[in-house]
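> the following block contains a protein sequence and its predicted model.
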There are 2 protein chains.
Amino acid sequence: MGVVIPLEDGKSKPASVKPLVDLTKADMERVNQLILSKAGSDVEMIPEVANHLISSGGKRLRPMLTLAAASMLGYEGDAHIKLATSVEFMHTATLLHDDVVDESDMRRGKSTARMIWGNQASVLVGDFLLGQAFRMMVDVGSLEALDVLSTAASVIAEGEVLQLSVAKNMETTEDDYLAVIRAKTAALFAAAAEVGPIVAKTDRAQRNALKSYGMNLGLAFQLVDDVLDYGGSSADLGKNVGDDFREGKITLPVILSYRRGSQEEREFWRRAIEGGETGDANLEKALGLINRYGALKDTIARAEHYGTIARDALAPLPASAHKQALLDVIDFCIQRVN
Amino acid sequence: MGVVIPLEDGKSKPASVKPLVDLTKADMERVNQLILSKAGSDVEMIPEVANHLISSGGKRLRPMLTLAAASMLGYEGDAHIKLATSVEFMHTATLLHDDVVDESDMRRGKSTARMIWGNQASVLVGDFLLGQAFRMMVDVGSLEALDVLSTAASVIAEGEVLQLSVAKNMETTEDDYLAVIRAKTAALFAAAAEVGPIVAKTDRAQRNALKSYGMNLGLAFQLVDDVLDYGGSSADLGKNVGDDFREGKITLPVILSYRRGSQEEREFWRRAIEGGETGDANLEKALGLINRYGALKDTIARAEHYGTIARDALAPLPASAHKQALLDVIDFCIQRVN
């Protein structure tokens, strides 16, 4: 029996996305080439707008899931490259449309495409990338992969509309919120992971395992994103903190603080989120309440819950470097809050 | 030999869409059922927004092309119902996004969805309908139909972006304009007609014939639409006349009037279209110039040119009621200007 030696700060070694990045490096270079090629058009505005977002330094976690899932299961063709690119295009199209829907000025520290080229270009270039994504899937020729990804496209849009219809409504429950993030975020993670076993033509159990892994990883990822929007586990006022608050977006930290608060505090939340009183003083007050009720800590605990489900989903698969990399990503996603 | 007896006004009997409507009536009832079912969602806002546009009395010409093309070639399954519905959803999604892009208040005499539910809902419900369209195509399981329709989706978006980048630029040529309408309008007409022979599994020649018919019908249709926006062949000031002018949209009547005009008149067009001076007085002046240079008459002549190509494309196909109905639609589309 070994003895666990705790590191100096009492925490285990931080998880990293690096093993996943390393294992998919060669394939991701091909994905990046295909992204540039399929975002191309004689209509100059299309590559301009697309590349603005594509080159803005997203992690490309979703296509890496597709690549790793396929390779882990012994796939050696190139369908996974096209499907991974399709997944990234679906994600990029969603971001372009989200920025229009949320009227966002900034994303990843840069002006949004809609601020530079207008809402029109963001809507239409998003539509173009979605069309290109479907063309690549059709090119792969797997009706099963097409089924999974086209269903994801519908579900994502449905989730975004659901989010719109619960927006600025403080009576939104944790279940409503979960339904939103399951659709708008987790469904694409699930589809990205599921098309790996589909192209590898493995059995249904492995397909379900990867789908469940992706779905629960996606939930954990979004929960942590929503914590980060309030400054991470410490709830410090930092850069870009409070965007969700200012937009009146209902996320779990807000839902928990509201439900656990006093009558007077609930009235504050309604004035802020429903009434639009979201200035800096109110943001500071909101952060104070979020801290008092442990809403970030408990949102992270929810993320860990889904992370554990993701981990268990992969348990039946044989040990491999790819499997370990996918497990590391769960912890990496959750540890982003620290 | 018969003698052609002219009708009292010297014109031949007006063409009608009625034969096409009658021949596809039973199938269109199934399409309409499927539209309602696939626009459904537990997220209430989705059917609300979708049905607002779906029930607003569009002619549903595009799905009728799919149905008629499949039936004409002896197809008896139900794949054409799903593909026709997909085509209509692609069209509806485009309209929802177009209204956001054009900042339109009215469509078909009703407030646009974006005026009632906001830009957000229009963008996202459009995305949802596009996702549902792809799911139905996948359900049909024809990779050829998927290829044709997913390519059309990309091309349509590309055409819309092209339109955006030539907007308010008076140096736009007739060729530029044709490239725009070929992509944004004619490509979906072509795809709608082409998937008929695809599900009917007929030979390549018939597929090409229907595709060419659809493409050229679509060009004629859009040219006539652009004439109608200036009041039809008489260029009278009527209701909804001049929307394109007020939006600074470059259509063929404007391109012809500009190119045929004097230096002074070209300056007027630049002030109006590029400079945004599109008040009622300038619209009246524009209509006067359009009349003086025969720009509507000559745009209609262009439409007739493409209508003739569409007619010739169908020539090799054996005579049938369906073929005659498709031919009648060409004349119907063009005679709308009178």
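Perfect, I can see it now. Residues are numbered from 1 along each chain as shown, chains lettered A, B, ... in the order given.
> where does the closest residue to chain B within the stretch 1-150 of chain A fall, secondary structure wise?
Nearest to chain B in the stretch 1-150 of chain A, going by Cβ to the nearest Cβ, is residue A:131, at a distance of 3.3 Å. Glycine gets a C-beta too; all of them are placed from N, C-alpha and C. Using DSSP states H and E, residue A:131 falls within helix A:113-140.
> buried set for that helix?
A:113-115, A:117, A:119-138, A:140 (16 or more other Cβ atoms under 10 Å in any protein chain shown).
> just checking, residue A:170 is part of a helix?
No. Remark: residue A:170 does not belong to a helix; assigned using DSSP: H, G, I helix; E, B strand; the rest coil, it is coil.
> how would you label residue A:230: helix, strand or coil?
coil.
> tell me the contacts of the residue nearest to it when sequence neighbours are not counted?
The spatially closest residue to residue A:230, leaving aside those adjacent along the chain, is residue A:253, at 5.4 Å (Cβ to Cβ, 6 or more residues apart in numbering or on different chains). Going by Cβ atoms under 8 Å, 6 or more residues apart in numbering or on different chains, residue A:253 touches A:226-227, A:230, A:290, A:295-296, A:299.
> in helices, which of those appear?
Among the contacts of residue A:253, the members falling in helices (DSSP state H) are A:226-227, A:290, A:295-296, A:299.
> would you mind measuring from the residue of the stretch 1-150 of chain A closest to chain B to residue A:117?
18 Å (Cβ to Cβ, to the nearest Å).
> and what of residue A:278?
Distance, residue A:278 to residue A:117, using Cβ to Cβ: 28 Å.
> residue numbers of the stretch 101-250 of chain A in contact with chain B?
By Cβ under 8 Å from any Cβ of the partner chain, the residues of the stretch 101-250 of chain A that approach chain B are A:101, A:119-121, A:123-125, A:127-128, A:130-132, A:134-135, A:137-138, A:141, A:143, A:146-147, A:150-151, A:153-158, A:160-162, A:164-165.
> pLDDT below threshold where in the stretch 1-150 of chain A?
A:1-13 (pLDDT under 70).
> can you give me the strands in it?
A:106-107, A:110-111 (DSSP state E, counting those that start in this stretch).
> circling back: so what's the residue of the stretch 1-150 of chain A closest to chain B up against?
B:150-151, B:153-157.
> from those, which land in strands?
If you go by DSSP state E, those have nothing in strands.
> how many neighbours does the nearest residue to residue A:125 once chain neighbours are set aside have?
Of all residues beyond its chain neighbours, the one nearest residue A:125 is residue A:49 (4.3 Å), with distances taken as Cβ to Cβ, 6+ apart. Using other Cβ atoms under 10 Å in any protein chain shown, residue A:49 has 25 neighbouring residues.
> one step back: does the residue nearest to residue A:230 sit in a helix or strand, and which one?
helix A:252-260.
> restricting to C-alpha, output that helix in PDB.
Output of helix A:252-260 as PDB, limited to C-alpha atoms (Å, rounded to 0.1, in the frame of the first residue of the first chain):
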ATOM      1  CA  LEU A 252     -27.000  29.000 -10.100                       C
ATOM      2  CA  PRO A 253     -25.000  31.300  -7.800                       C
ATOM      3  CA  VAL A 254     -27.900  33.800  -8.100                       C
ATOM      4  CA  ILE A 255     -30.600  31.100  -7.700                       C
ATOM      5  CA  LEU A 256     -29.000  29.800  -4.500                       C
ATOM      6  CA  SER A 257     -28.400  33.200  -3.000                       C
ATOM      7  CA  TYR A 258     -32.000  34.300  -3.800                       C
ATOM      8  CA  ARG A 259     -33.600  31.100  -2.300                       C
ATOM      9  CA  ARG A 260     -31.400  31.200   0.800                       C
END
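> give me the buried stretch members for it, please.
Quick answer for helix A:252-260 (16+ other Cβ under 10 Å): A:252-258.
> swap in stretch A:95-103?
Buried-residue list, stretch A:95-103, by 16+ other Cβ under 10 Å: A:95-102.
> where does pLDDT dip in the stretch 201-338 of chain A?
For the stretch 201-338 of chain A, the stretches with pLDDT under 70 are A:233-239.
> residue of it with the smallest distance to chain B?
residue A:247 (11.4 Å).
> ok, that residue - how many residues close by?
Burial measure for residue A:247: 17 neighbouring residues, criterion other Cβ under 10 Å.
> so it sits right up against residue A:101, yeah?
No. With contact defined as Cβ atoms under 8 Å, residue A:247 does not reach residue A:101; the gap is 10.1 Å.
> buried set for the helix or strand harbouring residue A:221?
Using DSSP H and E, residue A:221 sits in helix A:204-228. In terms of neighbour count (16+ other Cβ under 10 Å), helix A:204-228 has its buried residues at A:206-207, A:209-228.
> apart from its chain neighbours, what residue comes closest to residue A:298?
In space, residue A:298 is closest to residue A:256, 5.8 Å off (Cβ to Cβ, 6+ apart).
> so the one you found makes contact with residue A:291?
No. Checked against Cβ under 8 Å, the pair residue A:256 and residue A:291 is beyond contact range at 11.6 Å.
> follow-up on the earlier one: the helix holding residue A:253 to helix A:204-228, inter-axis angle?
70 degrees (axes from the mean of the first three to the mean of the last three Cα atoms, to 10 degrees).
> contact partners of the next helix or strand after helix A:252-260?
Scanning forward in sequence from helix A:252-260 by DSSP H and E, the next helix or strand is helix A:263-269. Outside helix A:263-269, the residues within contact range by Cβ under 8 Å, 6+ apart are A:170, A:254, A:257-258, A:261, A:282, A:285-286, A:289.
> and if you look at stretch A:137-146?
A:79, A:82-83, A:86, A:134, A:149-150, A:195, A:198-199, B:134, B:138, B:141, B:143, B:146-147, B:150.
> measure the nearest residue to residue A:63 once chain neighbours are set aside to residue A:201 for me?
Spatial nearest neighbour of residue A:63, chain neighbours left out: residue A:84 (3.6 Å); criterion: Cβ to Cβ, 6+ apart. Taking Cβ to Cβ as the measure, residue A:84 falls 17 Å from residue A:201.
> looking at the two, which is more packed in?
Taking other Cβ under 10 Å, residue A:84 and residue A:201 do not tie; residue A:84 has more neighbours (31 against 12).
> for the more buried one, what are its contacts?
Applying Cβ under 8 Å, 6+ apart, the residues near residue A:84 are A:27-28, A:31, A:62-64, A:66-67, A:192.
> could you redo the last one with a cut-off of 6 Å?
Contact analysis of residue A:84 by Cβ atoms under 6 Å, 6 or more residues apart in numbering or on different chains lists A:31, A:63, A:66-67.
> out of those, list just those in helices.
A:31, A:63, A:66-67.
> between which two of these is the distance greatest?
A:31 and A:66 (8.8 Å; Cβ to Cβ).
> out of those two, which sits in the busier spot?
A direct count of neighbours by other Cβ under 10 Å for residue A:31 and residue A:66 places residue A:66 higher, at 33 against 24.
> isn't that one right up against residue A:83?
Yes. Applying Cβ atoms under 6 Å, one finds residue A:66 in contact with residue A:83, separated by 5.5 Å.
> which residues do the two both contact?
With Cβ under 6 Å, 6+ apart, residue A:66 and residue A:83 have common neighbours residue A:195.
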